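# Provided below for reference: sequence and predicted model.
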Amino acid sequence: MRYQITEAADMLVKLCIEKKLTLATAESCTGGLVAGALTDVPGSSAVFDRGYITYSNAAKQQMLGVPPATLKRYGAVSRQTAEAMASGALTRSKVDFAVAVTGVAGPDGGTAEKPVGLVHFAVAARDGASMIAAKRFEGNREEVRHQSVVQALRMLRDLVVGEEAERPRWKPPQKPVRPVIEEVVIKPWPDRERR
C-alpha cells in the first residue's frame, strides 16, 4: 500500500509541476496523510500550498467554513460535508485544486447507515470542475486510511488531466437567499347592481 501512495503522489506532483498547478488538502479521517504523501515527494514545494486537518466538526466550521446546518443535517461523513470542505479549502487559498476526505476509519464509530470503511471524497478546481466519490474500504484503521490517501491522490490526478469527460461543476458558496414572499391582497368583488 505504501508503494501505491508513493507512486500516486509522485505522479501527481510531477504532473502539477509540469502544468504549474497548485494544491491544497482538507482532511478529516486521514489526519494529514494526503498532505504528508505529497510533501514526501521532492520538489512538492512548487505544488503543495497548504493542508487543513479538520478532525472535529468545530474545526470544519472554523477553518473551512462548513455550514453548521450541513453538519447537522448530513453529518461529518457525507458527500455534502466533503464538498463543503473542498470548497472551503479552495476559497480560503489561491490554489488551483483542493481535495477533501471525510469518513469512518474505525475500528469504532460506524453505524448501519455509515459503516466503518465508508469514506467520502470531493475534489474542486478553480476553473469550476469538481468530482465526488464515496468508497467503502475493507481492512483495519490503517488500511482504510491508506486506501483513502490513494483514492484522494488519484481523484486529484484525474481532475488535473481531465479524464472525466462529463463532471459536475463546482460553484463558489453563496449567501443563502431569502425566499421571496409575495403579499396577496384579496379584494371582495364589487357589488353588482341588482336588476
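Happy to help now that I have it.

# Now do the helices for this protein: every range, in order, please.
Along the chain, counting by DSSP state H, helices occupy 2-19, 33-39, 57-64, 68-74, 79-91, 141-161.

# what angle sits between the last one and helix 2-19?
Orientation note: helix 141-161 sits at an angle of 20 degrees relative to helix 2-19 (axes from the mean of the first three to the mean of the last three C-alpha atoms, to 10 degrees).

# counting contacts, what elements does helix 141-161 pack onto?
On a contact count with 3 or more C-beta pairs under 8 Å, 6 or more residues apart in numbering; DSSP states H and E, helix 141-161 meets helix 2-19, helix 33-39, strand 97-103, strand 118-125, strand 130-136. For the C-beta atoms, the positions are set from N, CA and C on the backbone; glycine is no exception.

# before we move on, back to that, tell me which of the helices of the chain is the most buried.
Among these, helix 79-91 has the highest mean neighbour count (mean count of other C-beta atoms under 10 Å), at a mean of 24.

# returning to that earlier point: nearest to R126, of the helices of the chain?
Among the helices of the chain, helix 79-91 comes nearest to R126, with 6.7 Å by C-beta to C-beta.

# Which strands or helices does that closest one pack on?
Against helix 79-91 (3+ C-beta pairs under 8 Å, 6+ apart) you get strand 23-27, strand 48-53, helix 57-64, helix 68-74, strand 97-103, strand 118-125, strand 130-136.

# Turn the ones you listed into JSON lines, columns for mean pLDDT and distance to L33.
Output for the helices and strands packed on helix 79-91, formatted as JSON lines (pLDDT from 0 to 100; distance: least, C-beta to C-beta, whole Å):
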{"stretch": "strand 23-27", "mean pLDDT": "98", "distance to L33": "7"}
{"stretch": "strand 48-53", "mean pLDDT": "98", "distance to L33": "10"}
{"stretch": "helix 57-64", "mean pLDDT": "98", "distance to L33": "16"}
{"stretch": "helix 68-74", "mean pLDDT": "97", "distance to L33": "22"}
{"stretch": "strand 97-103", "mean pLDDT": "98", "distance to L33": "9"}
{"stretch": "strand 118-125", "mean pLDDT": "97", "distance to L33": "12"}
{"stretch": "strand 130-136", "mean pLDDT": "96", "distance to L33": "15"}
